[in-house]
Structure formats: C-alpha cells, structure tokens
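[1] Dropping the sequence and predicted coords here.
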Amino acid sequence: MDMILHELTELRDMMSEHPLFTLGILLVTGFLIGKLVVRFHLPEITGYIIAGLLLGDSLTGIVPYDMHESLRFVTDLALGLIALTMGGEFYYTKLKRIGRDIVVITSVQMTLTFVVVTGVMYLLRVALPFALLLGVIATASDPVSTGAKVQSLRVRGRFVDYLYGVIALDDAAAVAIFGVVFAVVVGFLNPAAVGASALAYQALREVFVSIFLGLAVGFIIHAMTRRKQSVNEILIITLGIVLMETAVAVVMDLSPLLMNMAAGAFLVNASPRNHRLFRILEPLTPPVYALFFVIAGTKLDPKVFLQLEVLAVGLGFVLFRGLAKYLGTRYAASFSNAGNAIEKYLGPCLIAQGGVAIGLALLIQTAPIMSDLYGLYQDPIQLLVNVVLVSVFINELIGPPLSKFAILKALEEE
C-alpha cells in the first residue's frame, strides 16, 4: 500500500510540473465539483473555489504554490476579458435609457459601501492603503449569479429592469474606481514615490495613460474588424490585440483593467456593429472564467478559517459590506422615488460577490508593479486576498438564495 501511495505521489509531482496537465486537471475538477454543488442549489463558482482548494498546496498539492507564476497568464487573460466586457456596459444609449434613478442608486450604494468598509477595516487595524483597497473591492457585486437567478425564475418587470441596470453599472464602475485607487495606493506604498507631487504624478500617469492607450486600442480593433464578415477573423484579431494590450499594460506598469475597459467603452460606442465583438468573445468566457476561479481557490488555505485575525476582518467585511449595500440602495431608491418594492428589495440582490472581486484581489497580489513591494507588505497583501476569498465564499452561499427571495417578494408587491 505504501509503495502504491509513493508511486501515485511521484506521478502527481511529475505531472503537476507541466502547465498543460495542471490546466486540464483544474478545468475538469472545477467542472465536476461545479456540477456537484449545483445539485445542492449552490452557484458553480462555489464549486470552482472548492475545486481549487482541493487541488492547492494546502491539501493535495497537485497545484504547488510555485506554479502560480506560470499560470498567471490565465488570470491576466480573464481580467482582460472581464474589463473589456465591463467597458461594454458604458454604452451611451443604454445609460441614457436606464435613466437617472439607476445611476443615482448605483452611485450612492457604491459610495456608502466604499466609505463604510474602508472605515471598518481601518478600525480593525488594517493599514489604511489596504483598507482603501478592500473598500473599493467591496463595491463589486456578482452580475453573473444574480442574472442567472433572474433567468432561472423567468421573471420580468420594472424591478428586474432596475436590477439589471444597477448590477451592470456596479461592477463596471468598481473596476474603473479600483484602477484609480490602486494607482494612488501603489504610489503611496512605493518608497521611490517621495512626496505628494510624485504620488499625484504617478497616479495620474497610470490612470490617464491607461485610458488613452485603451481608447487607441479600441480604435485599432474597430478599424481592423468593422468590415470583416468572418466570425473567426474577428475573433482572432480581437483576442490577439487584447492579449497584446494586456501584456503592454503589465510591462509598462499601467492598469490592464482601465486599458481594457476603455477599449470596450470605445468599441461599444463607436458603432452598433461592434456589439457582435462581445457576442463572439462569449464562447471563450466559460473555460477562462472557470480556470480563473479554480486558480483563485488554490490560493485559499483552509487554515485561514482558524485564524482569528482573518475571521474577524472577513466577517466585518461581509457584515458591513452587506449592510452598506442595503442601506445605500434603500436610501437612494427612497430619494429617487423609485418605488416601495425597489426600495425594500433591490439591496439584498447586490449581496452576492464573484469574479470581479477575486480578480481585483489577485491583481494586487500578482501585479508586477507590486513585486518590489511584496516583501515589505506580504502579510497585509495576503490578509487582503484571504479576506476577499472568504467573503466571496460566504456571499456566494447566501447571496443567490437572498436574491431569489427578494426578487419574488418584489414582484409580488409590484
């Protein structure tokens, strides 16, 4: 028996050294456990995170920690696609159509969430720069699981229109705000950035150069694909440019999130025909996103649930984020006279938290611009990542059932 276990361990170590084997086992295991948890009425993302936890160093060790660097391109690709898609939500005609109320509700609840969570994290002795990052990550929700819940219920109505409008703007705005806050925080943490003027210059450079280059990339994609009829040609051109754009942002210490978001915003507003670009990219997202979540799960150590600091900060994050989302939405809906159903039940639909939050946390951990600072701030960075992973895990358990309850109650009241 010992010999068999030894041979299996050697086989595991040999195969796990090759990234292709690792990617394959991550996908298959994520798929199987994702389907398993769905039987228990849990979202697939929870299964993906559990799969990563099982495959990570803390349990089986099939995906050793030192392999994360070779898998970083998956995280970069997923973040690029997420940001490009989020940029597509800034469609002027759509923003005009969904109305002032949705913009007000989104702005108020995000602002309150950012302020409250940042303050609570700071009171829980999280250093201010990382409290700010946690505050902005807290503003993100999960349009995927919430949208899937609406579709599974097969419901329509004014409440659903408001819900779709808010969740569409919520994550897109969270990514944009994070780009700005992250630039400021990195400038503050970087010993080379001496003084307020250097900090301001570095932050402004990252934000504006990222946006400018992103708009330029959007124009290039538009110019190269606008007359193309072949879906394959459009896919090859778009994906190739997005990959190069993301790599340029990483190498130049710019924001891949802001660049891709600016590119997506340019594309969606340049021509109605460009909506097809986002539809063409859709088939790529399931495997990339699945890998993204499973890789995130490999970074979660189950021992964090036994660490009092992580539990205290994590539970404070979950509790006050949920409270701020609810109160901010309720106050803004009341101020806008959006209606009683929206006032009472829209907030609970924003509790779920998914891919964008994980992506932003992993970006902090893996961004090349942070590599020189990681040795100085390893503990707070690791705390931040663990808190976000714990939060997503908890919120993906309670969020979808809460959304279902709120949607049904709102439609009854309407």
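    Right, received. Where do you want to start? Residues are numbered from 1 along each chain as shown.
[2] Where does pLDDT dip in this structure?
    1-18, 65-69, 94-99, 143-155, 190-204, 304-305, 355, 367-375, 414 (pLDDT under 70).
[3] what ranges do the strands span in it?
    Here the chain has no strands by DSSP state E.
[4] Nearest residue to the middle of it?
    residue 356 (0.7 Å; Cα atoms, centre = their mean).
[5] Phi, psi for the residue lying closest to that one once chain neighbours are set aside please.
    Spatial nearest neighbour of residue 356, chain neighbours left out: residue 140 (4.3 Å); criterion: Cβ to Cβ, 6 or more residues apart in numbering. Bear in mind the C-beta positions are built from the backbone N, C-alpha and C, glycine included. For residue 140, the backbone dihedrals (degrees, to the nearest 10) come out as phi -70, psi 150.
[6] before we move on, back to that, residue 303 versus the residue nearest to the centre of the chain, what's the distance?
    Remark: distance between residue 356 and residue 303 (Cβ to Cβ, to the nearest Å) = 26 Å.
[7] cool, residue 163 as well?
    37 Å.
[8] and the two? which has more neighbours close in?
    Comparing residue 163 with residue 303 by other Cβ atoms under 10 Å, the one with more neighbours is residue 163, at 27 against 10.
[9] got the contact list for the nearest residue to that one once chain neighbours are set aside?
    Nearest non-adjacent residue to residue 163, counting by Cβ to Cβ, 6+ apart: residue 349, 5.5 Å away. Residues in contact with residue 349 (Cβ atoms under 8 Å, 6 or more residues apart in numbering) are 146, 163, 167, 402, 403, 406, 407.
[10] The fourth one: neighbouring residues, count only.
    Residue neighbour count, defined by other Cβ under 10 Å, stands at 20 for residue 402.
[11] list the contacts for the spatially closest residue to it that is not a sequence neighbour?
    Excluding the flanking residues, the one nearest residue 402 by Cβ to Cβ, 6+ apart is residue 348, at 4.8 Å. Residues near residue 348 by Cβ under 8 Å, 6+ apart: 326, 402, 403, 405, 406.
[12] For the stretch 51-200 of the chain, which segments count as helices?
    Using DSSP state H, counting those that start in this stretch, the helices of the stretch 51-200 of the chain run over 72-87, 92-98, 100-123, 128-138, 143-153, 158-189, 195-225.
[13] Summarise which helices and strands the third one is packed against.
    With contacts defined as 3 or more Cβ pairs under 8 Å, 6 or more residues apart in numbering; DSSP states H and E, the secondary structure elements packing on helix 100-123 are helix 128-138, helix 158-189, helix 308-335.
[14] so can I have TSV of those helices showing distance to residue 211?
    Shown next, in TSV, are those (distance: least, Cβ to Cβ, whole Å):
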stretch	distance to residue 211
helix 128-138	17
helix 158-189	9
helix 308-335	27
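[15] winner for burial among those helices?
    Neighbour counts (mean count of other Cβ atoms under 10 Å) averaged over each of these peak at helix 128-138, with a mean of 24.
[16] orientation of that helix relative to helix 308-335 in degrees?
    In terms of direction (axes from the mean of the first three to the mean of the last three Cα atoms, to 10 degrees), helix 128-138 departs from helix 308-335 by 50 degrees.
[17] can you give me the angle helix 128-138 makes with helix 158-189?
    160 degrees.
[18] My read is that residue 274 contacts residue 268, right?
    Yes: contact status for residue 274 versus residue 268: in contact at 6.0 Å, counting by Cβ atoms under 8 Å.
[19] what's the residue nearest to the centre of the chain in contact with, if anything?
    Listed by Cβ under 8 Å, 6+ apart, the contact set of residue 356 reads 82, 86, 140, 142, 171, 174, 175.
[20] neighbours around residue 285, how many?
    Neighbourhood size, residue 285 [other Cβ under 10 Å]: 16.
[21] Now do the buried residues in the helix ranked longest in the chain.
    Ranked by residue count and defined by DSSP state H, the top helix of the chain is helix 378-413. If you call a residue buried by 16 or more other Cβ atoms under 10 Å, then helix 378-413 has these buried ones: 380-396, 399-400, 402-404, 406-407, 410-411.
[22] Stretch 246-253 now?
    The neighbour-count check on stretch 246-253 (16+ other Cβ under 10 Å) flags 246, 249, 250, 252, 253 as buried.
[23] Tell me the spacing between the residue lying closest to the first one once chain neighbours are set aside and residue 128.
    To tie it back to what came earlier, the one meant is residue 246. In space, and not counting its chain neighbours, residue 246 is closest to residue 80: 4.1 Å by Cβ to Cβ, 6+ apart. Residue 80 sits 29 Å away from residue 128, going by Cβ to Cβ.
[24] Same question for residue 408.
    41 Å.
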